[in-house]
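Peer 1: Starting from these lines, generate the structure:
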Amino acid sequence: MAYRVFEKKCMGVKFILLIDENDMQKAQKGAKAAFEEGERLNMALSDYESSSELIRFSESSKTGEKFSLSPDLFKVLKQSQKLSHETEGCFDVTIGPISRLWRIARFRKKIPPIEKISAALQRIGYSNLRLSKEDQTGSLKAPGMVLDLGGIAKGYAADSMLKTLRKMGLKRCLIDAGGDLVIGDAPRNSKGWKVEIGGRKHSALPTLHLANVAVATSGDLEQFVTIKGKRYSHLIDPKTGLGLTTQCQVTVIAPSGMEADSLASAFLVMGTRKSKAYLEDRTAITAFYLQKKDSSTAFTLLGEKERK
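Peer 2: Purely as a prediction, here's the structure:
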């Protein structure tokens, strides 16, 4: 049978739900609840919505006082901090001051002035984000900090939407969050949902049948800006404040959308050598690397053995 397909914009991208269900009314009700969950989380995690919880927390950096966090925002920030420590700052949600500079730069096609990059770097650093599990609060210890959850929020939202669908008895489903996937049980008469790894045709990238995992792709093979003849990624190295120039793409398969989303961003900054070391004792995660070199594209598989 054809899957039930539902679409709606959320967190600045199109979310698509594929649901394997005969009962159209049941599928519609589940999709409505899932999209409502996505909209709820957007108001907690967005750095675009002026009244979001995340922006209000960022504004608290003016005083550095404790800010009471919702369970969702606390969970996302806690996972972000864990990954920041594990990757030695290659993933850092305090990157907001720099990412805002580069949004303007990409629009104007002009590199941000060095003095502005230097000033912005003084306002970032995951060590300046403090979380207290005891009273579920957070505090920002550098004035003018801006949090940016662009590398983790979509994955978390898709995870939550999948939980919503499952609670409503809709377990055979797939959530496409702007190209990143959170996948439930396999469709009927199938071992999994058909996924073209990397979202683009390449001889080295496999097509897999997946269930109960998440898949996220990040990179600048397709998203970049050329300034004075040099390509800069939309992804930024938190340590230098500059857009990546490595011309890479990485696709991560992980147990959850939050993990896949954030690791895809982190691995691009880390590079293949550090990413391989990170994955040595994490057998549930796989990374598919593409790196453009001259006119060719090299492929590297990291993590567990290739899935069948």
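
Peer 1: All the helices of this structure, residue numbers only.
Peer 2: With DSSP state H, the ranges of helices along the chain come out as 24-45, 53-59, 71-86, 96-108, 114-121, 153-167, 257-278.

Peer 1: Throw those into CSV and include mean pLDDT and mean neighbour count, thanks.
Peer 2: Where you see a C-beta, it was placed from the backbone N, CA and C, and this is true even at glycine. Below are the helices of the chain laid out as CSV (pLDDT from 0 to 100; neighbours: other Cβ atoms under 10 Å):
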stretch, mean pLDDT, mean neighbour count
helix 24-45, 98, 18
helix 53-59, 97, 19
helix 71-86, 98, 18
helix 96-108, 85, 18
helix 114-121, 93, 14
helix 153-167, 98, 24
helix 257-278, 95, 23
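
Peer 1: quick one: which of the ones you listed is nearest Gln247?
Peer 2: With Cβ to Cβ, the closest approach to Gln247 among the helices of the chain belongs to helix 257-278: 10.4 Å.

Peer 1: quick one: contacts for Thr251?
Peer 2: Ile197, Gly198, Gly199, Leu205, Val215, Ala216, Thr217, Ala264, Ala287, Phe288 (Cβ atoms under 8 Å, 6 or more residues apart in numbering).

Peer 1: Pull up the gap between the fourth one and Ile117, please.
Peer 2: This means Leu205. Distance of Leu205 to Ile117, given as Cβ to Cβ, to the nearest Å: 34 Å.

Peer 1: go on, the last one?
Peer 2: Using Cβ to Cβ, Phe288 is found at 31 Å from Ile117.

Peer 1: Any chance of a markdown table for the helices of the chain, columns distance to Leu181?
Peer 2: Below are those laid out as a markdown table (distance: least, Cβ to Cβ, whole Å):
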| stretch | distance to Leu181 |
| --- | --- |
| helix 24-45 | 14 |
| helix 53-59 | 24 |
| helix 71-86 | 19 |
| helix 96-108 | 24 |
| helix 114-121 | 33 |
| helix 153-167 | 8 |
| helix 257-278 | 8 |
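
Peer 1: Specify the stretch among the ones you listed that is closest to Val146.
Peer 2: helix 96-108 (2.8 Å).

Peer 1: Give me the distance between the closest one and the centre of its chain.
Peer 2: 18 Å (Cα atoms, centre = their mean, to the nearest Å).

Peer 1: again with stretch 24-31
Peer 2: 27 Å.

Peer 1: So which residues make contact with it?
Peer 2: In contact with stretch 24-31 (Cβ under 8 Å, 6+ apart) are residues Arg4, Phe6, Leu17, Ile19, Glu21, Thr164, Leu165, Met168, Gly169, Leu170.

Peer 1: correct me, but the fifth one touches Arg172?
Peer 2: Right, the one you point to is Glu21. Yes - using Cβ atoms under 8 Å, Glu21 is in contact with Arg172, at 7.0 Å.

Peer 1: okay, these two: which has more neighbours?
Peer 2: Glu21 (23 against 20; other Cβ atoms under 10 Å).

Peer 1: Look at Ser68 and say how many residues are nearby.
Peer 2: So Ser68, with other Cβ under 10 Å, has 12 neighbours.

Peer 1: residues touching it, list them.
Peer 2: Neighbours of Ser68 in contact, by Cβ under 8 Å, 6+ apart: Asp135, Gln136, Thr137.

Peer 1: ditto for Thr164
Peer 2: Counted by Cβ under 8 Å, 6+ apart, Thr164 has contacts Gly30, Ala33, Ala34, Glu37.
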